[in-house]
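[1] Compute the structure for the input listed below.
(chains A and B)
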There are 2 protein chains.
Amino acid sequence: MTKPTDEFKTISKYFAPLSAAESGAFNLTDDAAVIEPPEGQSLVVTTDALVAGVHFLPNDPPADIAAKLLRVSLSDLAAMGAKPAHYSLSLAVSSDLTEDWLSAFSAGLALDQKEFGVTLIGGDTVSAAGPLTLSLTAMGYVEKGKALRRSEAQIGDDIWVSGTIGDGALGLLIANEKMNDLAADKREYLLMRYRRPLPQLTLGQKLIGHARGTIDISDGLIADLGHICETSNVGADIQITAIPLSEAAKEALEMDPKILDLVLGGGDDYELLFTADASFETMSKSVVSEVGVALTKIGTITKGTAIRLFYENGSEHRIDQTGFTHF
Amino acid sequence: MTKPTDEFKTISKYFAPLSAAESGAFNLTDDAAVIEPPEGQSLVVTTDALVAGVHFLPNDPPADIAAKLLRVSLSDLAAMGAKPAHYSLSLAVSSDLTEDWLSAFSAGLALDQKEFGVTLIGGDTVSAAGPLTLSLTAMGYVEKGKALRRSEAQIGDDIWVSGTIGDGALGLLIANEKMNDLAADKREYLLMRYRRPLPQLTLGQKLIGHARGTIDISDGLIADLGHICETSNVGADIQITAIPLSEAAKEALEMDPKILDLVLGGGDDYELLFTADASFETMSKSVVSEVGVALTKIGTITKGTAIRLFYENGSEHRIDQTGFTHF
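    I've put the predicted structure just below:
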């Protein structure tokens, strides 16, 4: 059943060069990589799978698919406060995959490796008759006992988010050729946010010792806040008008107020959502200037288990959609 | 595009229990696992992907698929001399996957976790319209600087294999309903060898300090010997009649002498193939009795790059098929 074509050539041509910076990857010619974890550090491991037609569009540029695959996992490391180091990669590809595609995909990985300081250490490439299916396991390090956790939120904590919320979900609409009335530059911006999310790695590392409950927003603001609340046994009150929006998202919202629920419930932001005590407000300014990303206080951790959303006038907003799950 | 069904329930019901032994997996409720690598040890990492219809048959028992997925990666750790510890898992499944399948699959993983001393620490489950596609990243540890390597074979080394060769490839024939004339117990044995390979973990660890070039046989005896020779810059002479065969393989070979090339070139043995200097022969007996697996000397590492196969009378055997590649 197995197809005797050229897996080894693909590995040596497109993937082995990505492992060059790690001698323990043995140029991808051995059974496994042998890595030396730095002393006094914990190893942080996360795995994400992406499927064409589900998590990205089959015709997305290969370099963007590579970027998304890697960045989604790096965002998980960011949420733990970890510094990324290595990753391994599985590709299940159909037989009509071209050399051009592989070349552009691996070039995309090479660029992101430089940007985020990570190195490929292994993987597998297999033939499959279905949609392109990618899986990546990212590894990083954090000082022992210092990893950020979802479960550390405390009643009375402020709730903070980085960057702007909802751009990823709106970018997916654009990719599906919706919201055609939006200005071209705004469409382009949202599409880029969907295709090339930016993992908040520097921010995550800076938040160690300051943030309590911490998560990256992949399922959607409300769903991921739900994960913090569930694991921390708390509730949350959110001020809707405090949620930071990009100019593009604001314009989209003016054109169609109903997309508010998509902003709140759609996924793919890859910003950090975290809680902190009141003392963080003062130091947030220096974090913002060091990291170069906006931080916005959007609510408060409460007793109980409910997540409530309020307008400025005190009226409550109810949404149907509390986030996507991928199954 | 994303389908809002119950990924979280699947994880908590079927996979979170598999992570119970590792507190740093946080019951699979956080963004990543946080692991403490033992001091003085290198981290050994390997990734394998399996696709229904390529690496296993779609209707294979789910527990056997689980076993094969995990054991194929553990076999890579065995080839490095590493002790396995953790793994992460990606499943790309079609929407018609049943609860029964998931239940049997996770039960199979649970059994193997106990047998091999490994713990699930993370993963991802996604929906895909294609064949069931599984990817597993296994992690283990080996004393710093002691990992076994493919590239260490030296001219004049003896070439050794564990267990018996060719059973996996013959088992695949049986799974495809060929060789129907073979006795039922022999068919059952070969099928079991194909579906539930046994990673030679204890042997791998015992070989540290004794074996030189080392690999696990996944692509086939000759192809994997080729990997040792290529990375070590050597050749090899093999005595065909020395290659250890199971009773079932012997019977199959008597019925059809042409399957010799399948024995030599077919994959899925997951035995260890290694080279060692002459002093190993004496100590091999104690290794055999400690580990409980046969070790057989099948040839010699030579100068040059050729792999040659000889009959007892000195005549050379040429095969067409030097191993499967998976792409």
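
[2] From chain B, how far off is A:Gly209?
    Applying C-beta to the nearest C-beta, to the nearest Å, the value for A:Gly209 to chain B is 16 Å. Backbone N, C-alpha and C define where each C-beta goes, glycine included.

[3] Number of residues surrounding the closest residue in space to that residue that isn't next to it in sequence?
    Nearest non-adjacent residue to A:Gly209, counting by C-beta to C-beta, 6 or more residues apart in numbering or on different chains: A:Lys146, 7.1 Å away. Residues lying near A:Lys146 (other C-beta atoms under 10 Å in any protein chain shown) number 15.

[4] What mean pLDDT does the helix or strand A:Thr282 falls within get?
    Element membership of A:Thr282, judged by DSSP states H and E, is helix A:280-291. If you average the pLDDT over helix A:280-291, you get 94.

[5] where does that helix sit relative to the chain's centre, distance-wise?
    Chain-centre distance of helix A:280-291: 22 Å, with C-alpha atoms, centre = their mean, to the nearest Å.

[6] that older thread, contacting residues for the residue nearest to A:Gly209?
    Taking C-beta atoms under 8 Å, 6 or more residues apart in numbering or on different chains, we find A:Lys146 in contact with A:42, A:81, A:208-209.

[7] Which one (most neighbours) among those?
    Going by other C-beta under 10 Å, A:Gly81 tops those with 27 neighbours.

[8] per-residue pLDDT, that one?
    For A:Gly81, the model assigns a pLDDT of 98.

[9] so how far is chain B from the nearest residue to A:Asn233 once chain neighbours are set aside?
    Distances taken as C-beta to C-beta, 6+ apart place A:Thr305 nearest to A:Asn233, at 7.4 Å, with adjacent residues excluded. Per C-beta to the nearest C-beta, A:Thr305 is found 15 Å from chain B.

[10] next one: phi and psi at A:Thr305?
    phi -130, psi 0 (degrees, to the nearest 10).

[11] isn't it right up against A:Gly235?
    Yes. Contact criterion C-beta atoms under 8 Å: A:Thr305 and A:Gly235 qualify, at 5.2 Å.

[12] got any residues that touch both of the two?
    Joint contacts of A:Thr305 and A:Gly235 (C-beta under 8 Å, 6+ apart) are A:Cys229.

[13] higher neighbour count, these two?
    Neighbours were counted for A:Thr305 and for A:Gly235 using other C-beta under 10 Å; A:Gly235 has more, 19 against 12.

[14] residues contacting that one?
    With C-beta under 8 Å, 6+ apart, A:Gly235 has these contacts: A:229, A:301-308.

[15] got it, and A:Ala306?
    Per C-beta under 8 Å, 6+ apart, neighbours of A:Ala306: A:235-236.

[16] before we move on, the earlier item: name the SS class of the residue nearest to A:Gly209, please.
    For A:Lys146, the assignment made with DSSP: H, G, I helix; E, B strand; the rest coil gives coil.

[17] Check it and give its pLDDT.
    At A:Lys146, the pLDDT recorded in the model is 98.

[18] do the same with A:Ser90
    96.

[19] Tell me where chain A has helices.
    Using DSSP state H, the helices of chain A run over residues A:7-10, A:62-79, A:99-116, A:167-175, A:184-195, A:201-206, A:221-232, A:247-255, A:260-265, A:280-291.

[20] so which of those comes closest to B:Tyr270?
    In terms of C-beta to C-beta, the element of the helices of chain A nearest to B:Tyr270 is helix A:7-10, at 17.9 Å.

[21] Contacts only, for the closest residue to chain B within chain A.
    Chain A approaches chain B most closely through A:Gly130 (1.1 Å), counting by C-beta to the nearest C-beta. Neighbouring residues of A:Gly130 by C-beta under 8 Å, 6+ apart: A:92, A:94, B:92, B:128-131, B:133.

[22] Only the buried subset of the residues you listed, as a ChimeraX command please.
    Selection of the buried residues among the contacts of A:Gly130 in ChimeraX, burial being defined by 16 or more other C-beta atoms under 10 Å in any protein chain shown:
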select /A:92 /B:92,128,130,131,133
